[in-house]
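Participant: turn this into a model:
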Amino acid sequence: MIKRDFSSIVDTLQWHALNQTADLHRIYVNDSLISVNGWAKYRLAGSGQRVYQSLIDVSFLSPGRYQIRVEKLMLRDPLFGSDTDLRVLKNWSVFEFIKL
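Facilitator: Model prediction:
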């Protein structure tokens with residue numbers, strides 16, 4: 001639905017191609033957008049929750065403290081009345097790591 005009904009908005013956001021569910025996310029190290037290849041689908045034991053997992057190459061980073069930030073593209077479907085709209089959650093997930 002996003003690819004079909006909101007393609008002009010996705011283009012305006014300069015979002016990458018939407019070919020799979022994982023493409024609804026953008027990953028940043030500090031404020032630099034990084035490319036993530038090879039997403040794998042998993043299901044968590046116990047809860048059965050579906051997750052995506054990948055590796056991020058940090059070999060180019062100097063030792064120090066870094067922040068990973070995930071942006072998520074999602075549809076907001078209002079409860080009453082108006083149309084569905086597309087939202088970017090800029091701080092969908094944020095965490096830090098230290099490279100030694």
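Participant: Three-state assignment for residue 22, please.
Facilitator: Secondary structure, DSSP: H, G, I helix; E, B strand; the rest coil: residue 22 is helix.
Participant: gap between the spatially most central residue of the chain and residue 87?
Facilitator: Central residue of the chain (Cα atoms, centre = their mean): residue 25, 1.6 Å from the mean position. Applying Cβ to Cβ, to the nearest Å, the value for residue 25 to residue 87 is 13 Å. From N, CA and C alone the C-beta is placed, and that goes for glycine too.
Participant: who touches both of those two?
Facilitator: Both residue 25 and residue 87 are contacted by residue 73, under the criterion Cβ atoms under 8 Å, 6 or more residues apart in numbering.
Participant: residue contacts, the residue nearest to the centre of the chain?
Facilitator: 52, 70, 71, 72, 73, 92.
Participant: which of these tops the neighbour count?
Facilitator: residue 73 (21 neighbours; other Cβ atoms under 10 Å).
Participant: surely that residue is in contact with residue 17?
Facilitator: No - contact criterion Cβ atoms under 8 Å: residue 73 and residue 17 do not qualify, at 12.0 Å.
Participant: mean confidence (pLDDT) on whichever strand in the chain runs longest, please.
Facilitator: Longest strand in the chain, counting residues (DSSP state E): strand 85-99. Regarding strand 85-99, the rounded mean pLDDT is 89.
Participant: would you mark the buried spots in it?
Facilitator: Neighbour counts over strand 85-99 (16 or more other Cβ atoms under 10 Å) mark residue 86 as buried.
Participant: sheet partners, orientation included, of that strand?
Facilitator: Looking at strand 85-99 with DSSP bridges, its partner strands are strand 64-76 (antiparallel).
Participant: residues contacting the partner strand, please?
Facilitator: Residues outside strand 64-76 that contact it (Cβ under 8 Å, 6+ apart): 1-2, 10, 13, 15, 18, 24-31, 56, 58, 84-99.
Participant: show me what contacts residue 32?
Facilitator: With contacts defined as Cβ under 8 Å, 6+ apart, residue 32 has no neighbours.
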